[in-house]
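Novice: when you get a sec, could you give me coordinates for this:
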Amino acid sequence: MQELRYTLVTEGSSDNALMPILDWALQENGITGAIQKAWADLSWIPISERITLAVKIREAVRLYPCDLLFVHRDADRTTRQKRVDEITAAISRVVEGADDPSAHQIPPAVCIIPVQMQEAWLLIDDTAIRRAADNCNGRIPLNLPSLEQIESLANPKQILHELLKQASEKQGRRLKQFRPHAHARRVADYISDFSPLRKLPAFIAMEAELAQTIEAQGWRNH
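Specialist: Below you'll find the predicted structure:
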């Protein structure tokens, strides 16, 4: 395949940090051509319209045409299968609700369902956290959780933000001015190898679904 276009639908704007992970997973599973990616920015949808998952998917496909759709939902104390069922049902509502079925043709979709927030998948590389905090030569030890702990963390976003503050080694007013939310978006860009995530059931399930989709569509470049 010469080029693959994908669109990512997320729960929030910070979740577009998943894109470097998806790029890596696509390349690991046989996509060697160019990858054109888009995060579906749907912040413009008027508050008067109930922003359901079906609405997000409908508008993402309309505004960001693609060959492959990634849909992100955190599990949030429910099962992966329940979230998969919700995504499948939302796609069905988009297709069934179209006046012109050809206007809402949905490409193959892959579900991304971390057990907690996607920030947990970024807690695997202390060097990347230091670089994202603009202090790549920092020496303060960063006590990252073990892989065995990652999917049971209560608030991985808060943990990542605290690690970024520590990694910055800023103090006083400079620390108060530090904005961990902005720096957190950069962590994934500095990770070149996401293979440690292959020990996490949620990532294993996502990559297996992705591999099956690539195989079924004949996209793998041998």
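Novice: give the buried residues for the helix or strand bottoming out on mean pLDDT in the chain.
Specialist: None of the helices or strands of the chain scores lower by mean pLDDT, DSSP states H and E than helix 147-150, at a mean of 90. The neighbour-count check on helix 147-150 (16 or more other Cβ atoms under 10 Å) flags Ile150 as buried. Using the backbone N, CA and C atoms, a C-beta is placed for each residue, glycine as well.
Novice: one more: stretch 7-22?
Specialist: Result for stretch 7-22 [16+ other Cβ under 10 Å]: buried residues 7-10, 14-22.
Novice: cool, and stretch 129-142?
Specialist: Applying 16+ other Cβ under 10 Å to stretch 129-142 flags Ile129, Arg130, Arg131, Ala132, Ala133, Asn135, Gly138, Leu142 as buried.
Novice: who touches it?
Specialist: By Cβ atoms under 8 Å, 6 or more residues apart in numbering, the surrounding residues in contact with stretch 129-142 are 122, 126-127, 144, 160, 163-169, 183-184, 186-187, 189-190.
Novice: report the buried members of those.
Specialist: Looks like those have 122, 144, 160, 163-164, 166-168, 183-184, 186-187, 190 buried, using 16+ other Cβ under 10 Å.
Novice: export the residues you listed as a markdown table, with columns for pLDDT, distance to Val110 and secondary structure.
Specialist: Shown next, in a markdown table, are the buried ones among the contacts of stretch 129-142 (pLDDT from 0 to 100; distance: Cβ to Cβ, whole Å; DSSP: H, G, I helix; E, B strand; the rest coil):
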| residue | pLDDT | distance to Val110 | secondary structure |
| --- | --- | --- | --- |
| Leu122 | 95 | 20 | helix |
| Leu144 | 95 | 27 | coil |
| Leu160 | 96 | 24 | helix |
| Leu163 | 96 | 29 | helix |
| Leu164 | 97 | 29 | helix |
| Gln166 | 96 | 34 | helix |
| Ala167 | 96 | 32 | helix |
| Ser168 | 96 | 35 | helix |
| His183 | 95 | 28 | helix |
| Ala184 | 95 | 24 | helix |
| Arg186 | 95 | 24 | coil |
| Val187 | 97 | 22 | coil |
| Tyr190 | 97 | 24 | helix |
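Novice: looking at the residues you listed, which is nearest Glu215?
Specialist: Glu215 lies nearest to Leu122 out of these, by Cβ to Cβ, at 28.2 Å.
Novice: check contacts around that closest one.
Specialist: Leu122 neighbours (Cβ under 8 Å, 6+ apart): Ala17, Ala128, Ile129, Leu160, Ala184, Val187, Ala188, Ile191.
Novice: and the fifth one, what does it touch?
Specialist: It refers to Ala184. So Ala184 contacts Ser14, Ala17, Glu119, Leu122, Ala132, Lys157, Leu160, His161, Leu164 (Cβ under 8 Å, 6+ apart).
Novice: which two of these have the greatest separation?
Specialist: For these, and using Cβ to Cβ, no pair is farther apart than Ala132 and Lys157, which are 14.0 Å apart.
Novice: shaky segments in this structure?
Specialist: 1, 47-49, 98-104, 222 (pLDDT under 70).
Novice: could you chop it up by domain?
Specialist: What automatic domain parsing lists as the domains of the chain is 3-115+200-217, 122-189.
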